[in-house]
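Enquirer: Starting from these lines, generate the structure:
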Amino acid sequence: MKKLIFGAMLAVIFAACNNNVKNQAGADSTASAVDPASAPVIKFEKDVYEFGKIKQGESVSYNFKFENTGKSPLIIKDAHATCGCTVPEFSKDPIPAGGSSVIKVVFNSAGKEGLQDKVVTIVANTIPANTQVHLIGEVVK
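Expert: This next block holds a predicted model:
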(Lines give C-alpha, C1' and ligand atoms only; values in the text may rest on other atoms or scores of the structure.)
Protein backbone atom coordinates (compact mmCIF):
# COMPACT_ATOMS: atom_id res chain seq x y z
CA MET A 1 0.00 0.00 0.00
CA LYS A 2 2.84 2.38 0.90
CA LYS A 3 4.51 1.67 -2.45
CA LEU A 4 1.27 2.47 -4.28
CA ILE A 5 0.86 5.82 -2.49
CA PHE A 6 4.54 6.66 -2.98
CA GLY A 7 4.26 5.82 -6.69
CA ALA A 8 1.18 7.99 -7.08
CA MET A 9 2.93 10.92 -5.37
CA LEU A 10 5.92 10.58 -7.69
CA ALA A 11 3.64 10.54 -10.73
CA VAL A 12 1.94 13.75 -9.57
CA ILE A 13 5.31 15.43 -8.92
CA PHE A 14 6.68 14.47 -12.36
CA ALA A 15 3.48 15.63 -14.06
CA ALA A 16 3.70 18.99 -12.28
CA CYS A 17 7.36 19.41 -13.27
CA ASN A 18 6.53 18.57 -16.86
CA ASN A 19 3.82 21.26 -16.94
CA ASN A 20 6.27 23.88 -15.60
CA VAL A 21 8.78 23.03 -18.33
CA LYS A 22 6.06 23.40 -20.99
CA ASN A 23 4.92 26.75 -19.55
CA GLN A 24 8.49 28.05 -19.44
CA ALA A 25 9.14 26.93 -22.99
CA GLY A 26 5.94 28.63 -24.13
CA ALA A 27 6.96 31.88 -22.43
CA ASP A 28 10.41 31.75 -24.02
CA SER A 29 9.03 31.07 -27.49
CA THR A 30 6.63 34.02 -27.16
CA ALA A 31 9.45 36.34 -26.10
CA SER A 32 11.64 35.21 -29.00
CA ALA A 33 8.78 35.90 -31.45
CA VAL A 34 9.60 39.63 -31.20
CA ASP A 35 11.82 40.67 -34.08
CA PRO A 36 14.99 42.18 -32.54
CA ALA A 37 15.52 44.33 -35.64
CA SER A 38 12.27 46.23 -35.04
CA ALA A 39 12.23 46.20 -31.22
CA PRO A 40 12.52 49.45 -29.26
CA VAL A 41 15.95 50.30 -27.82
CA ILE A 42 16.44 52.42 -24.70
CA LYS A 43 19.64 54.49 -24.92
CA PHE A 44 20.54 56.57 -21.86
CA GLU A 45 22.49 59.78 -22.24
CA LYS A 46 24.21 58.80 -18.98
CA ASP A 47 23.51 55.57 -17.08
CA VAL A 48 25.56 56.46 -13.98
CA TYR A 49 25.11 59.66 -11.99
CA GLU A 50 27.77 60.45 -9.38
CA PHE A 51 26.33 62.84 -6.81
CA GLY A 52 29.55 63.21 -4.80
CA LYS A 53 29.31 63.72 -1.02
CA ILE A 54 26.11 64.71 0.74
CA LYS A 55 25.14 65.03 4.39
CA GLN A 56 23.01 62.32 5.95
CA GLY A 57 19.33 63.23 5.60
CA GLU A 58 19.74 65.18 2.34
CA SER A 59 18.00 64.09 -0.85
CA VAL A 60 19.46 63.89 -4.32
CA SER A 61 17.45 63.83 -7.51
CA TYR A 62 18.56 63.25 -11.08
CA ASN A 63 16.76 63.01 -14.42
CA PHE A 64 18.13 60.11 -16.45
CA LYS A 65 17.53 61.24 -20.03
CA PHE A 66 17.04 58.58 -22.68
CA GLU A 67 16.06 58.12 -26.30
CA ASN A 68 14.24 55.32 -28.07
CA THR A 69 16.72 54.49 -30.82
CA GLY A 70 14.70 51.46 -31.96
CA LYS A 71 12.08 51.17 -34.68
CA SER A 72 8.91 50.74 -32.60
CA PRO A 73 7.34 52.50 -29.59
CA LEU A 74 9.07 52.03 -26.24
CA ILE A 75 6.81 51.17 -23.32
CA ILE A 76 8.24 51.26 -19.80
CA LYS A 77 6.35 48.72 -17.73
CA ASP A 78 8.10 49.32 -14.40
CA ALA A 79 11.03 51.03 -12.75
CA HIS A 80 12.11 49.94 -9.30
CA ALA A 81 15.05 50.53 -7.00
CA THR A 82 17.01 48.26 -4.70
CA CYS A 83 15.52 49.91 -1.60
CA GLY A 84 12.71 52.22 -0.54
CA CYS A 85 15.11 55.15 -0.11
CA THR A 86 15.32 55.51 -3.91
CA VAL A 87 12.17 56.34 -5.87
CA PRO A 88 12.02 56.38 -9.69
CA GLU A 89 9.28 58.28 -11.57
CA PHE A 90 8.54 57.62 -15.24
CA SER A 91 5.92 58.27 -17.88
CA LYS A 92 3.64 55.38 -18.78
CA ASP A 93 3.04 56.89 -22.22
CA PRO A 94 4.71 55.10 -25.15
CA ILE A 95 7.85 56.82 -26.44
CA PRO A 96 7.85 56.70 -30.25
CA ALA A 97 10.89 55.64 -32.26
CA GLY A 98 13.31 58.58 -32.19
CA GLY A 99 11.49 60.09 -29.20
CA SER A 100 12.98 60.84 -25.80
CA SER A 101 11.93 61.13 -22.17
CA VAL A 102 13.36 61.05 -18.64
CA ILE A 103 13.21 58.85 -15.58
CA LYS A 104 13.45 61.01 -12.47
CA VAL A 105 15.16 59.27 -9.55
CA VAL A 106 15.14 60.66 -5.99
CA PHE A 107 17.47 59.23 -3.31
CA ASN A 108 16.73 60.08 0.34
CA SER A 109 19.87 59.56 2.44
CA ALA A 110 18.10 59.48 5.83
CA GLY A 111 19.56 56.60 7.85
CA LYS A 112 22.28 55.94 5.27
CA GLU A 113 26.00 56.36 5.70
CA GLY A 114 29.09 55.66 3.61
CA LEU A 115 29.42 54.81 -0.07
CA GLN A 116 26.12 54.30 -1.87
CA ASP A 117 25.30 52.66 -5.19
CA LYS A 118 21.56 52.82 -5.74
CA VAL A 119 20.47 50.69 -8.68
CA VAL A 120 17.26 51.38 -10.58
CA THR A 121 16.02 48.62 -12.87
CA ILE A 122 13.85 49.68 -15.80
CA VAL A 123 11.57 47.00 -17.25
CA ALA A 124 10.41 47.74 -20.80
CA ASN A 125 9.47 46.07 -24.07
CA THR A 126 13.13 46.07 -25.11
CA ILE A 127 15.51 43.18 -25.74
CA PRO A 128 16.69 42.46 -23.07
CA ALA A 129 13.72 43.63 -21.01
CA ASN A 130 15.76 44.99 -18.07
CA THR A 131 18.09 47.99 -18.12
CA GLN A 132 19.84 49.48 -15.09
CA VAL A 133 20.97 52.95 -14.10
CA HIS A 134 22.97 53.91 -10.99
CA LEU A 135 23.12 56.77 -8.48
CA ILE A 136 26.54 56.69 -6.83
CA GLY A 137 27.97 58.80 -4.06
CA GLU A 138 28.87 59.07 -0.40
CA VAL A 139 26.71 59.99 2.58
CA VAL A 140 28.56 61.57 5.52
CA LYS A 141 27.27 62.33 9.02
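
Enquirer: all helices for the protein, in order.
Expert: Under the criterion DSSP state H, the chain contains helices at 2-32.

Enquirer: what's the domain layout of it?
Expert: Domain ranges of the chain: 1-33, 42-140, per automatic domain parsing.

Enquirer: Output those as CSV; include the columns mean pLDDT and mean neighbour count.
Expert: (C-beta placed from N, C-alpha, C; glycine too.) Conversion of these to CSV gives the following (pLDDT from 0 to 100; neighbours: other C-beta atoms under 10 Å):
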stretch, mean pLDDT, mean neighbour count
domain 1-33, 46, 9
domain 42-140, 97, 16
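
Enquirer: Pop out the phi and psi values for F90.
Expert: When read as degrees, to the nearest 10, the backbone of F90 gives phi -150, psi 160.

Enquirer: Verify the contact between it and A79 for me.
Expert: Yes: counting by C-beta atoms under 8 Å, F90 touches A79, with 5.0 Å between them.

Enquirer: any shared contact partners between the two?
Expert: Shared contacts of F90 and A79 (C-beta atoms under 8 Å, 6 or more residues apart in numbering): I103, I122.

Enquirer: So K104 sits against S91, correct?
Expert: No: with contact defined as C-beta under 8 Å, K104 does not count as touching S91 (9.9 Å).

Enquirer: K71: what's it in contact with?
Expert: K71 neighbours (C-beta under 8 Å, 6+ apart): A37, S38, A39, P40, A97.

Enquirer: want to try JSON lines for those, with distance to K141 as columns?
Expert: Putting the contacts of K71 into JSON lines (distance: C-beta to C-beta, whole Å) gives the following:
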{"residue": "A37", "distance to K141": "52"}
{"residue": "S38", "distance to K141": "51"}
{"residue": "A39", "distance to K141": "46"}
{"residue": "P40", "distance to K141": "43"}
{"residue": "A97", "distance to K141": "47"}
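
Enquirer: Return the members of those classed as buried.
Expert: P40, A97 (16 or more other C-beta atoms under 10 Å).
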